[in-house]
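> Following is a predicted model, sequence given first.
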Amino acid sequence: MPRLGLGIYAPGEKNEVSRAVRWALETGYRLIDTASVYQNEEEVGRGMKDSGIQRSEVFITSKVGNDEQGYDQTLRAYDQSLKRLQTDYLDLYLVHWPIRDTRKETWRALETLYNEKRVRAIGVSNYYQPHLEELFAYASVVPAVNQFEQSPFLYRPELLAYCREKHIQPEGYSPLVRGRKESNEVLESIATQYEKSTYQVLIRWGLQQGLVTIPKSTNQKRIQENFDVWDFELSEGDMQQLNALNADVRVADDPMDY
Ligand SMILES: NC(=O)C1=CN([C@@H]2O[C@H](COP(=O)(O)OP(=O)(O)OC[C@H]3O[C@@H](n4cnc5c(N)ncnc54)[C@H](OP(=O)(O)O)[C@@H]3O)[C@@H](O)[C@H]2O)C=CC1
Ligand SMILES: O=C1CO[C@H](CO)[C@@H](O)[C@@H]1O
């Protein structure tokens with residue numbers, strides 16, 4: 001699985017997403033993160049076609065929406081996502097949120113898709129330890145990935161360690177805190193030191209935490225900037241300074257409310 005991808009939750013104007021996906025693929029991104037609830041799978045599919053890059057070169061993730069959960073509903077939702085994306089398989093299909101009444105049957109449907117080799121990998125999103133422990137009591141397939149919100153401002157070392165122990169790849173969403181922390185002093189001083197932007201430092205922090213990281217942008221320059229993070233490495237001391245910024249700042253819901 002690529003370590004850095006394009007997140008594409010972008011409730012914007014027409015063609016914004018297809019253009020961004022094409023720019024990202026031209027820049028070198030090979031992972032696109034979408035979801036049925038983002039209502040942009042058709043544009044993602046179109047952006048991929050427009051790029052001319054072969055389907056087999058790209059890692060596509062989508063997610064079962066909360067309203068699509070349940071065994072039969074999930075199987076149907078998967079087919080609908082494939083159709084919108086103009087593809088016959090996904091690289092990764094995730095349970096978007098752990099909805100209490102339906103998460104077990106939803107997981108069973110993902111296992112069916114996986115066992116029938118209709119999807120390359122299955123995983124979860126917004127699962128904290130209690131959700132994962134519950135899942136382990138009934139799952140026959142270990143989730144390949146757990147996607148949850150991660151940034152220095154919402155640092156979850158115990159969950160990262162738990163995922164590693166269970167051989168689940170952690171994937172961090174909203175790595176840029178949606179731009180809400182760009183003028184943090186510590187972040188700015190580290191960025192100046194490496195002659196990088198605060199956004200590039202946040203992406204690098206995620207990569208160095210061992211996360212798959214999926215910053216969102218629909219702007220060509222920023223898509224390129226967010227991918228230009230392979231020529232520097234944050235020191236151990238700088239990583240620790242960033243870890244210390246943790247203040248439970250979230251942009252999405254708290255999974256413990258589910
Ligand atoms: N599983 C889940 O429940 C969730 C999954 N996600 C996934 O994670 C992805 C990323 O998270 P998201 O919440 O979108 O937010 P991000 O933390 O990635 O921030 C995106 C925002 O930052 C701006 N931005 C991006 N790059 C730069 C830059 N270099 N300089 C300045 N501003 C920049 C973007 O604007 P612009 O586009 O104009 O550049 C946008 O407003 C989502 O798109 C989605 O795929 C997100 C939330 C929940
Ligand atoms: O994927 C998502 C995009 O962001 C939303 C919040 O703004 C989340 O609720 C959702 O899970």
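Perfect, I can see it now. Residues are numbered from 1 along each chain as shown. Ligands and ions are numbered 1, 2, ... in the order given.
> Just say helix, strand or coil for Asn63.
In this structure residue 63 is Lys, not Asn. strand (DSSP: H, G, I helix; E, B strand; the rest coil).
> now the helices for the stretch 51-200 of the chain?
In the stretch 51-200 of the chain, the helices defined using DSSP state H, counting those that start in this stretch lie at 71-85, 103-115, 129-138, 157-165, 185-194, 198-208.
> I'd like those helices as a markdown table, with mean neighbour count appended.
Glycine gets a C-beta too; all of them are placed from N, C-alpha and C. Below are the helices of the stretch 51-200 of the chain laid out as a markdown table (neighbours: other Cβ atoms under 10 Å):
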| stretch | mean neighbour count |
| --- | --- |
| helix 71-85 | 18 |
| helix 103-115 | 19 |
| helix 129-138 | 14 |
| helix 157-165 | 14 |
| helix 185-194 | 16 |
| helix 198-208 | 23 |
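> so which of those comes closest to ligand 1?
helix 198-208 (3.7 Å; Cβ to the nearest ligand atom).
> Show me the contact partners of whichever helix or strand comes after the closest one.
The first helix or strand that comes after helix 198-208 along the chain, using DSSP states H and E, is strand 212-213. Residues from elsewhere that reach strand 212-213 (Cβ atoms under 8 Å, 6 or more residues apart in numbering): 1-5, 31, 145, 169-172, 175, 203, 206-207.
> And the buried ones among those, selectable in PyMOL?
Here is the PyMOL command that selects the buried residues among these (16 or more other Cβ atoms under 10 Å):
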select buried, resi 1+3+4+5+31+145+169+170+171+172+175+203+206+207
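> now, the most widely separated pair of the contacts of strand 212-213?
Using Cβ to Cβ, these span at most 18.1 Å, a distance reached by Val145 and Ile203.
> Would you check how far apart Thr27 and Glu13 are?
Here the criterion is Cβ to Cβ, to the nearest Å. By it, Thr27 lies 21 Å from Glu13.
> Dump the helices of the stretch 51-200 of the chain to a markdown table, plus distance to ligand 1 and mean pLDDT.
Shown next, in a markdown table, are those (distance: least, Cβ to the nearest ligand atom, whole Å; pLDDT from 0 to 100):
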| stretch | distance to ligand 1 | mean pLDDT |
| --- | --- | --- |
| helix 71-85 | 14 | 98 |
| helix 103-115 | 14 | 98 |
| helix 129-138 | 13 | 98 |
| helix 157-165 | 14 | 98 |
| helix 185-194 | 11 | 97 |
| helix 198-208 | 4 | 98 |
